[in-house]
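Participant: Provided below for reference: sequence and predicted model.
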Amino acid sequence: GAVVSQHPSRVICKSGTSVKIECRSLDFQATTMFWYRQFPKQSLMLMATSNEGSKATYEQGVEKDKFLINHASLTLSTLTVTSAHPEDSSFYICSAISEAYYSGNTIYFGEGSWLTVV
Amino acid sequence: SQQGEEDPQALSIQEGENATMNCSYKTSINNLQWYRQNSGRGLVHLILIRSNEREKHSGRLRVTLDTSKKSSSLLITASRAADTASYFCATGVQGAQKLVFGQGTRLTINP
């Protein structure tokens, strides 16, 4: 079964509103979570790296005030798209690792969240 | 930013044939991973190869890694229609936690 859960899987919001996507690790403590976005028929672009209890590290070109990332606990990270516009419509995927990753454990991906801004 | 290129961008073959996809990257890596993604879905981890490994097998999958050329290949043998998907390589960048994805190969297996 899934070890990383994303919610919602699909969301439609009006232009100008904000929408929050949750990423939860179900049976492990996720010390680090990653957020990606993927446009249709394109690859995954890393948006930010989020460590529990500290500020997220954003990739170049990603607006941190627009894409708010919070990693307040070891099992939950949230991505809030603020003042959403149609060009923010995309597939957003999170992934998570535990400390065991550095000993050879794998990285786990969520199922992704489709955001449509109308 | 993208780490590297995948080749080919799209591949269409007949069921039963072998499919080979290549991936090149730019920086030093700890490991290289291959993932599969069905249209509109999440990622499925296929195989991880460490930087000190040259070849790895898992079922019908064979992965090679050439760190001197900064390239990797994924071979799927005896392909099946259900193998139709996009395949991505992703590199664990040395000195960083993050995983950076290649452009991907869209594989179509024709029955």
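Facilitator: Yep, it's here. Residues are numbered from 1 along each chain as shown, chains lettered A, B, ... in the order given.
Participant: helices or strands next to the lowest-mean-pLDDT helix or strand in chain B in the packing?
Facilitator: Lowest by mean pLDDT, DSSP states H and E among the helices and strands of chain B is strand B:5-7, with a mean of 80. Packing partners of strand B:5-7 (3 or more Cβ pairs under 8 Å, 6 or more residues apart in numbering or on different chains; DSSP states H and E): strand B:19-24, strand B:85-93. Quick note: C-beta positions are derived from backbone N, CA and C, even for glycine.
Participant: if you set the cut-off to 6 Å instead, what comes out?
Facilitator: strand B:19-24 (3 or more Cβ pairs under 6 Å, 6 or more residues apart in numbering or on different chains; DSSP states H and E).
Participant: and the helix or strand just after the strand it packs on, does that touch chain A?
Facilitator: Using DSSP states H and E, the helix or strand that follows strand B:19-24 in sequence is strand B:29-37. No: Strand B:29-37 is not in contact with chain A by Cβ under 6 Å from any Cβ of the partner chain; minimum separation 7.7 Å.
Participant: Direction included, what does strand B:29-37 pair against?
Facilitator: strand B:43-50 (antiparallel), strand B:85-93 (antiparallel) (DSSP bridges).
Participant: Could you save the ones you listed as TSV and add columns showing distance to residue A:36 and mean neighbour count?
Facilitator: Converted to TSV, the strands paired with strand B:29-37 look like this (distance: least, Cβ to Cβ, whole Å; neighbours: other Cβ atoms under 10 Å in any protein chain shown):
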stretch	distance to residue A:36	mean neighbour count
strand B:43-50	9	18
strand B:85-93	10	23
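Participant: Would you convert the ones you listed into CSV that also reports mean pLDDT?
Facilitator: As requested, these are arranged in CSV below (pLDDT from 0 to 100):
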stretch, mean pLDDT
strand B:43-50, 92
strand B:85-93, 91
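Participant: thinking again about what came up before, which parts of the least confident helix or strand of chain B are buried?
Facilitator: B:6, B:7 (16 or more other Cβ atoms under 10 Å in any protein chain shown).
Participant: Any idea how far the helix or strand just after that strand is from the middle of the chain?
Facilitator: For strand B:5-7, the succeeding helix or strand toward the C-terminus, using DSSP H and E, is strand B:10-14. Here strand B:10-14 shows a centroid-to-chain-centroid distance of 15 Å under the convention Cα atoms, centre = their mean, to the nearest Å.
Participant: so for strand B:10-14, what's the average pLDDT?
Facilitator: In this model, strand B:10-14 has an average pLDDT of 96.
Participant: With stretch A:75-84 instead?
Facilitator: For stretch A:75-84, mean pLDDT is 96.
Participant: cool, stretch A:53-70 as well?
Facilitator: Rounded mean pLDDT across stretch A:53-70 is 93.
Participant: Check chain B for the residue nearest chain A and tell me.
Facilitator: In chain B, the residue found nearest to chain A is residue B:42; the distance is 4.0 Å by Cβ to the nearest Cβ.
Participant: Touching, that residue and residue A:109? I think so.
Facilitator: Yes: using Cβ atoms under 6 Å, residue B:42 is in contact with residue A:109, at 5.4 Å.
Participant: How about residue B:29: which residues does it bridge to?
Facilitator: Applying DSSP bridges, one finds that residue B:29 bridges with residue B:93.
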